[in-house]
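Novice: based on what follows, work out the 3D shape:
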Amino acid sequence: MRRPPTPLAEDVVDEPAKAQLDAFLDQHRLMLTSCLDGLDEQQVRRRLVPSATTLLGLVKHATFVERVWFDEAITCRSRQEIGLEAGPEESFALHPEDTVASVQEAHLRACAASRRATASLDLDDLVHGNRRGPLPLRWVYLHVLRELAHHCGHADILREQLLATSSTTAPLGDG
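Specialist: Okay, here's the model as predicted:
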């Protein structure tokens with residue numbers, strides 16, 4: 001699956017709020033999955049902090065986030081039905097079959113499914129599949145955007161640390 005073109009936030013200034021939020025989400029989705037670009041399998045699995053956080057684990061976790069908030073919350077299917085880990089901590093766990101290609105592909109598929117799930121919804125529509133009870137889609141968008149921004153920051157720092165110890169010099173983003 002190829003990465004879809006991502007509109008810049010500046011391109012949607014005059015668009016409705018949902019288009020603006022979609023653009024910001026897509027920019028952060030791309031930023032996070034791109035943190036793996038140009039790195040080898042060993043680098044993306046390397047732990048640079050005391051927690052289980054790795055670059056590959058961050059993108060795998062972002063896939064979990066997409067599926068929780070845009071599948072479970074919207075379709076009301078259980079995590080078990082969707083095939084998800086019970087909680088967010090488990091979503092960082094890496095397995096031998098997890099590779100840069102497989103994790104990026106799963107993330108791209110989850111993001112595409114998220115776009116399809118929200119395409120016909122308005123920001124004020126309620127989603128009913130979250131343990132908190134009914135939530136407006138606007139809140140879900142903002143929550144996921146906050147989550148992605150948080151993890152993009154982690155990824156940026158981890159990638160910078162990895163690049164400082166290798167000959168690779170490709171930056172993650174332009175700020």
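Novice: look up how far Leu36 lies from Phe92.
Specialist: 14 Å (C-beta to C-beta, to the nearest Å). C-beta: built from backbone N, CA, C; applies to glycine.
Novice: in the helix or strand containing His150, which residues are buried?
Specialist: If you go by DSSP states H and E, His150 is part of helix 137-164. For helix 137-164, a neighbour-count test (16 or more other C-beta atoms under 10 Å) marks 137, 139-141, 144-145, 147-148, 151-152, 154-156, 158-159, 162-163 as buried.
Novice: what ranges does this structure have for its strands?
Specialist: 126-127, 135-136 (DSSP state E).
Novice: let's have those in a markdown table, adding distance to Phe70, mean neighbour count and mean pLDDT.
Specialist: Output for these, formatted as a markdown table (distance: least, C-beta to C-beta, whole Å; neighbours: other C-beta atoms under 10 Å; pLDDT from 0 to 100):
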| stretch | distance to Phe70 | mean neighbour count | mean pLDDT |
| --- | --- | --- | --- |
| strand 126-127 | 9 | 16 | 98 |
| strand 135-136 | 12 | 16 | 98 |
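Novice: export the ones you listed to a markdown table and tack on distance to Glu15?
Specialist: Converted to a markdown table, the strands of the chain look like this (distance: least, C-beta to C-beta, whole Å):
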| stretch | distance to Glu15 |
| --- | --- |
| strand 126-127 | 22 |
| strand 135-136 | 19 |
